[in-house]
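Asks: Give me a model of this one.
(chains A and B)
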Amino acid sequence: MFGFLFGWMRRQDKVEKLRRRWTQDPSPKLAEKLACVLIERHEINQALALLKRACRMYPRAERIASYYQKVMHLKSSDEIRALRQALATHPSAQIHARLSELYRFLGHFEEALEIAHEGVKAYPDYAGNHLAIGRVYFSRFSKTASAHDGRKTASYLEKAYALDPQNVKTIYHLANLYLRVGHKPKAETYLAHLVEIMPSESRILALQKRCHQIPQEDARAGTDYFARYEARRMGQAGMTSEGPKRGADVQTLQKQVASAGHPLSDIPGVQGAYVFDPQEKLLNHHSTASEPGSMQAVAQGILKAVRVNARRMTIGAFSQGHLVSGKRKIFFYDFNDMSMLIFADKQVRNDLIHRKVTEYVEDMICETAAS
Amino acid sequence: MKKILEQLNQIAGIRGSMVMTQDGIMVAEALGPDLDDDVVAALASALLGALNKSLQRLDEEDLVQDLVLTASDGKMVFVNLGNAYLVVMAKQDMVLANTMVEIKSTAHKILNRRVPETRNEAT
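Replies: You can find the predicted model right below:
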């Protein structure tokens, strides 16, 4: 009993000390330390308030941002539990909308859609659930750039707008959506409405500035803004995703791959292995086929088909996969800076190839770092 | 067939499933509310078409039997049913190794279900 009390007093003392230090001499490290202690003591709201402040003070501190996300997750999970109970005992349109928002925040899009759809079915005249569905599709659209998700976003947000034309969130998302896909007339309309409601909001003024920079429409380009946006993003998908900062590292890695020995040539049953850079230029290969050129063309065809269609099918950026055909097994991998495709006999074990590919990539990265 | 697909969908982590011909014609579907069946069928058919075309550059008679794709927001599995494909969409965090048996068994159920039907049609 005394031991417990003594421990509790010591922890209390530690928190007070850290708090005092934080008010006198704040630093990112101290914020992390204090947040950790508060989380341990289940003082989630206090931890959240501290991290929110720290995020504003040190916007570039990645660890603080990640702690903030973690605490938000904890808080959301608690709220979800409470809302689930409330939904069972006294359901309301607002509970559906809030629950859907929380699921969306946690990245559980299916659950978010399910709850919001239930809400729309039970309370069709409440705008909040239409908005919640629109926001889920918008989150997915931001990731996948799929025209289908874009159209769904527009349709649900427009419905929410029709039901509640003064809701700032709805108008903001509509303006943002149309601005993103380059639909200038609609973006201008919604932005004008936003300015009417909040005339001096800096974020809205920034959006308006961006809207003015959209070039005038070419009548021949067609009116399907979402399909055009998807096509633009698909075109960019083959390019390097990172900025010029990592350029030198990537080049070193690619040189390392090009100068290394033949990839996976020591595994029995492997008919060929091809390593490409993000622009589909061949970096290294080995092949036992009589026509390695046609194998390379097949490899490029498969990678391109998978990369483009995975994004369109709303499963995001493709990372790995394998196919079994009548004659062979083909394994394909897409890393940030290179992609790999391996042709193998049907008897080759999948886990062996996965392990060897991982080892190969790790070797390349380690040797690049060493050089 | 829809019931068989719905049974499969009850496994945690599966978002939806469908049976479609290689040219994108839907045979049966049990996709979630967030998935547009025609869009998924059209895109899956485009993917299979491109893959089969690539494979046939190496060997004219070669076709995709099974296909597993892992991406940042989900997973997809295609299983060849002869003249159609079973397509399963799963969440990103689902361990496919544990579920492949169920998916294969669903494919068998669909195939076995189709045999009596064709016999009935013949008689």
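
Asks: check which helix or strand covers the residue of the stretch 151-300 of chain A found nearest chain B.
Replies: Residue nearest to chain B within the stretch 151-300 of chain A (CB to the nearest CB): A:V298, separated by 4.7 Å. Glycine gets a C-beta too; all of them are placed from N, C-alpha and C. Per DSSP states H and E: A:V298 is located in helix A:292-312.

Asks: distance between that helix and the chain's centre?
Replies: Centre-to-centre, helix A:292-312 and its host chain are 24 Å apart (CA atoms, centre = their mean, to the nearest Å).

Asks: tell me the contacts of the residue nearest the centre of chain A?
Replies: In chain A, the residue lying closest to the centroid (CA atoms, centre = their mean) is A:K143, at 5.5 Å. By CB atoms under 8 Å, 6 or more residues apart in numbering or on different chains, the contact list for A:K143 reads A:G316, B:S72, B:D73.

Asks: which of the residues you listed count as buried?
Replies: Burial by neighbour count, 16 or more other CB atoms under 10 Å in any protein chain shown: within the contacts of A:K143 this picks out A:G316, B:D73.

Asks: returning to what we had before: give the rounded mean pLDDT of the helix holding A:V298.
Replies: For helix A:292-312, mean pLDDT rounds to 79.

Asks: Would you confirm that B:A46 contacts A:V306?
Replies: No. B:A46 is beyond contact range of A:V306, at 11.3 Å (criterion: CB atoms under 8 Å).

Asks: Name the next helix or strand following the helix or strand of chain A with the lowest mean pLDDT along the chain.
Replies: Lowest by mean pLDDT, DSSP states H and E among the helices and strands of chain A is helix A:247-259, with a mean of 68. Counting by DSSP H and E, the element after helix A:247-259 in chain order, helix or strand, is strand A:270-276.

Asks: And that next one, what does it pack against?
Replies: strand A:282-287, helix A:292-312, strand A:339-344 (3 or more CB pairs under 8 Å, 6 or more residues apart in numbering or on different chains; DSSP states H and E).

Asks: Contacts for it, please.
Replies: For strand A:270-276, the external contacting residues (CB under 8 Å, 6+ apart) are A:257, A:262-265, A:282-289, A:292, A:295-296, A:299-300, A:303, A:328, A:338-345, A:348, A:353.

Asks: The residue of the stretch 151-300 of chain A closest to chain B contacts B:D59, doesn't it?
Replies: No. Taking contacts as CB under 8 Å, A:V298 lies outside contact range of B:D59: 9.9 Å.

Asks: Which one's more surrounded, those two?
Replies: A:V298 (24 against 13; other CB atoms under 10 Å in any protein chain shown).

Asks: from the stretch 51-200 of chain A, which residue is nearest to chain B?
Replies: In the stretch 51-200 of chain A, the residue found nearest to chain B is A:L113; the distance is 4.5 Å by CB to the nearest CB.

Asks: Next, the contact list for that residue, please.
Replies: Residues in contact with A:L113 (CB under 8 Å, 6+ apart) are A:S100, A:I133, A:V136, B:G32, B:P33, B:D34.

Asks: which one of the residues you listed is nearest A:R180?
Replies: For the contacts of A:L113, the residue nearest A:R180 by CB to CB is A:V136; the value is 16.3 Å.

Asks: Sticking with B:V39, tell me its helix or strand.
Replies: Using DSSP H and E, B:V39 maps to helix B:37-58.

Asks: and the gap between the residue nearest to the centre of chain A and A:Y103?
Replies: Per CB to CB, to the nearest Å, A:K143 is found 16 Å from A:Y103.

Asks: near chain A, which residues of chain B?
Replies: Within chain B, the positions adjacent to chain A are B:15, B:32-36, B:39-40, B:43-44, B:46-47, B:50-51, B:53-55, B:57-59, B:61-76, B:89, B:91-92 by CB under 8 Å from any CB of the partner chain.

Asks: so where do the helices sit in chain B?
Replies: All helices of chain B, identified by DSSP state H, fall at B:2-9, B:37-58, B:96-122.

Asks: Please read the previous query as pertaining to the stretch 101-250 of chain A.
Replies: Using DSSP state H, counting those that start in this stretch, the helices of the stretch 101-250 of chain A run over A:109-122, A:127-144, A:147-163, A:168-181, A:184-197, A:202-212, A:225-237, A:247-259.

Asks: pLDDT score for residue 107?
Replies: You didn't pick a chain, so chain A it is. Among the per-residue scores, A:G107 shows a pLDDT of 74.

Asks: meant chain B actually
Replies: pLDDT for B:A107: 90.

Asks: where does chain A dip in pLDDT?
Replies: A:1-12, A:216-223, A:235-251, A:261, A:289-293, A:314, A:366-371 (pLDDT under 70).

Asks: Can you list phi and psi of the closest residue in space to B:D73 that isn't next to it in sequence for me?
Replies: Nearest residue to B:D73, sequence neighbours excluded (CB to CB, 6 or more residues apart in numbering or on different chains): A:G316, at 3.3 Å. Note on A:G316: backbone dihedrals following degrees, to the nearest 10 are phi 80, psi -160.

Asks: Check the gap between A:M234 and A:V308 for me.
Replies: Using CB to CB, A:M234 is found at 6 Å from A:V308.

Asks: With A:A97 instead?
Replies: Per CB to CB, A:A97 is found 35 Å from A:V308.

Asks: Have a look at the two and say which one is more surrounded.
Replies: Per other CB under 10 Å, whichever of A:A97 and A:V308 has more neighbours is A:A97, with 24 against 18.

Asks: Assess the claim that that one and A:H130 are in contact.
Replies: No. At 9.1 Å, A:A97 does not count as touching A:H130 under the criterion of CB under 8 Å.

Asks: who touches both of these two?
Replies: By CB under 8 Å, 6+ apart, A:A97 and A:H130 have these common neighbours: A:A116.

Asks: Now stretch A:107-119: buried residues?
Replies: By neighbour count with 16+ other CB under 10 Å, stretch A:107-119 contains the buried residues A:H108, A:F109, A:E110, A:E111, A:A112, A:L113, A:E114, A:I115, A:A116, A:H117, A:E118, A:G119.

Asks: wait, isn't B:N80 in contact with B:Q65?
Replies: Yes. Here B:N80 reaches B:Q65: they are 4.7 Å apart, a contact under CB under 8 Å.

Asks: Those two - which one has more neighbours?
Replies: Neighbours were counted for B:N80 and for B:Q65 using other CB under 10 Å; B:N80 has more, 19 against 16.

Asks: residues in contact with the more buried one?
Replies: Applying CB under 8 Å, 6+ apart, we find B:N80 in contact with B:L63, B:V64, B:Q65, B:D66.

Asks: in the sheet, who's paired with the last one?
Replies: Meaning B:D66. A:V324, B:V79 (DSSP bridges).

Asks: Tell me how many other residues crowd it.
Replies: Look at B:D66: counted by other CB under 10 Å, it has 19 neighbours.

Asks: what's the distance between it and A:K346?
Replies: Look at B:D66 and A:K346: by CB to CB, they are 11 Å apart.

Asks: Now the common contact residues for the two.
Replies: Residues touching both B:D66 and A:K346 (CB under 8 Å, 6+ apart) are A:V324.

Asks: What's the biggest helix in chain A, counting residues?
Replies: When chain A is parsed with DSSP H, its longest helix is helix A:62-89.
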